[in-house]
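S.K.: missing the sequence, but the structure's below:
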Ligand SMILES: Cc1ncc(COP(=O)(O)O)c(C=O)c1O
């Protein structure tokens, strides 16, 4: 059986979630906008999904906009808030380690006259709250900083950043919590965020469903016209089964989060110890303030993509970084921002555990991964064939 260590890319759909969704994919197929019984049943399920998701992050149901995933939630939140605030200013501040769903979205806004400021991060991928403060001018409308990074698992000091942001009147803080939501407690009031994005497929929910939290009173311009759904904030017939799936998955994840995180941290540390025993390896991201199941590293003198391919052949699913940049030849903008030179960043590898990862799987992976990495070091084959360096006969 293959060992799946790529839960930051996506997670399996949990059986209870599928069960909860099934009626809305079969007999309860009503359109939530219809006034007849079929419609009312769909509406009730949709309302309950908003309520469940909201209550698990300390929000109100009306503050949740359901979307087609994290990317859409971020597009809606960032573009919507930027356009709504354009009369007051055109400056947007982000970190240099944001997911492309944030980075590319604001770069798109640049074409329409917005000014984008990218904040540096330290060696661990952390933003300094003082830098956030210093970057905000009277023309700033929006600051977007992620709660936890998808490539290196580093957790940002969001509550502290929020304090700095809100010292400036009218500036909004948008937070990408797509990776954090499965693992970290989220209370929008304690964190002090105005907008926050989540995605169901990162916590054993269905793919193609996400949520944008919008603090009550925060004005955004809708990005989709043609329907008045989601309180006029996101037109389009609602994905009722998806909403039910997301709410069920999130409810379960939150209820079990503390226990799951403890177990995942222990297993990740075990794997980490085995993998980092290989010469030339180094943990990337913050050593402590990181997602519990997230192991990211650099193996010097290797090509991360080649290592991941070799691990796949050995029955282990891993990735080089974000699922979205895998397969491209570009090195990670996250590792570059953290100060890793290109040749080191090429040796990046990401192993991410999930709720369903077992001890037996980690024991097996801990036996395979170090030897695969060691064998993939550039020159390792030549060294093995010619240990004394005397030249190999032709
Ligand atoms: C940090 C982060 N933000 C946003 C996204 C995009 O979410 P989705 O896949 O739901 O569009 C991802 C997905 O990998 C992510 O890791």
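M.R.: Cool, got the structure. These numbers were taken from a predicted model, which means no experiment stands behind them. Numbering: from 1, shown residues only.

S.K.: what number of residues lie near the closest residue to the ligand within the chain?
M.R.: Closest contact between the chain and the ligand, by C-beta to the nearest ligand atom, is at residue 70 (2.5 Å). In this view, the C-beta of every residue, glycine as well, is placed from N, C-alpha and C. A count of neighbours around residue 70, defined by other C-beta atoms under 10 Å, yields 27.

S.K.: what's the answer for the one 10 residues further on, then?
M.R.: The local packing of residue 80 (other C-beta under 10 Å) involves 23 other residues.

S.K.: residues near residue 271, how many?
M.R.: By other C-beta under 10 Å, 22 other residues sit near residue 271.

S.K.: hmm, the helix or strand hosting it touching the ligand?
M.R.: Assigned by DSSP states H and E, residue 271 belongs to helix 240-275. No - Helix 240-275 stays out of contact with the ligand when judged by C-beta under 6 Å from any ligand atom, the minimum separation being 10.5 Å.

S.K.: from the contact counts, what lies against that helix?
M.R.: Applying 3 or more C-beta pairs under 8 Å, 6 or more residues apart in numbering; DSSP states H and E, we find helix 240-275 packed against helix 15-25, helix 37-55, strand 64-67, strand 294-299, helix 359-376.

S.K.: ok, which of those comes nearest residue 207?
M.R.: Among those, the nearest to residue 207 by C-beta to C-beta is helix 15-25 (11.7 Å).

S.K.: all strands of this protein, in order?
M.R.: Applying DSSP state E to the chain gives strands spanning 3-4, 64-67, 91-95, 115-119, 140-144, 172-176, 195-199, 210-214, 281-283, 294-299, 316-317, 348-352.

S.K.: need the ones you listed in TSV with distance to the ligand, mean pLDDT and mean neighbour count, can you?
M.R.: Output for those, formatted as TSV (distance: least, C-beta to the nearest ligand atom, whole Å; pLDDT from 0 to 100; neighbours: other C-beta atoms under 10 Å):
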stretch	distance to the ligand	mean pLDDT	mean neighbour count
strand 3-4	16	98	20
strand 64-67	9	98	27
strand 91-95	12	98	25
strand 115-119	16	98	17
strand 140-144	11	98	25
strand 172-176	5	98	28
strand 195-199	3	98	30
strand 210-214	5	98	28
strand 281-283	19	97	17
strand 294-299	11	98	25
strand 316-317	15	98	18
strand 348-352	10	98	27
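
S.K.: put together JSON lines for those strands, with distance to residue 126 on each row.
M.R.: Listed next are the strands of the chain as JSON lines, based on distance: least, C-beta to C-beta, whole Å:
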{"stretch": "strand 3-4", "distance to residue 126": "29"}
{"stretch": "strand 64-67", "distance to residue 126": "28"}
{"stretch": "strand 91-95", "distance to residue 126": "9"}
{"stretch": "strand 115-119", "distance to residue 126": "10"}
{"stretch": "strand 140-144", "distance to residue 126": "15"}
{"stretch": "strand 172-176", "distance to residue 126": "15"}
{"stretch": "strand 195-199", "distance to residue 126": "19"}
{"stretch": "strand 210-214", "distance to residue 126": "23"}
{"stretch": "strand 281-283", "distance to residue 126": "14"}
{"stretch": "strand 294-299", "distance to residue 126": "14"}
{"stretch": "strand 316-317", "distance to residue 126": "28"}
{"stretch": "strand 348-352", "distance to residue 126": "18"}
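
S.K.: rewinding a little: among the helices and strands packed on helix 240-275, which is nearest residue 120?
M.R.: Distance to residue 120, taken as C-beta to C-beta, is lowest for strand 294-299 among the helices and strands packed on helix 240-275, at 19.3 Å.

S.K.: run through who's touching that closest one.
M.R.: Residues from elsewhere that reach strand 294-299 (C-beta atoms under 8 Å, 6 or more residues apart in numbering): 8, 151-153, 268, 271-272, 275-276, 278, 280-285, 307, 321, 335, 340, 344-345, 347-353, 373, 376-377.

S.K.: please apply the same query to stretch 174-181.
M.R.: With contact meaning C-beta under 8 Å, 6+ apart, stretch 174-181 is reached by 8, 70, 74, 77-78, 81, 98-99, 101-102, 142-150, 153, 155, 158, 184, 186, 191, 193-199, 202-203, 210, 250, 253, 291.

S.K.: contact residues of this structure facing the ligand?
M.R.: Within reach of the ligand by C-beta under 6 Å from any ligand atom, the chain has these residues: 69-71, 99, 101, 146, 150, 176, 178-179, 199, 210, 323.
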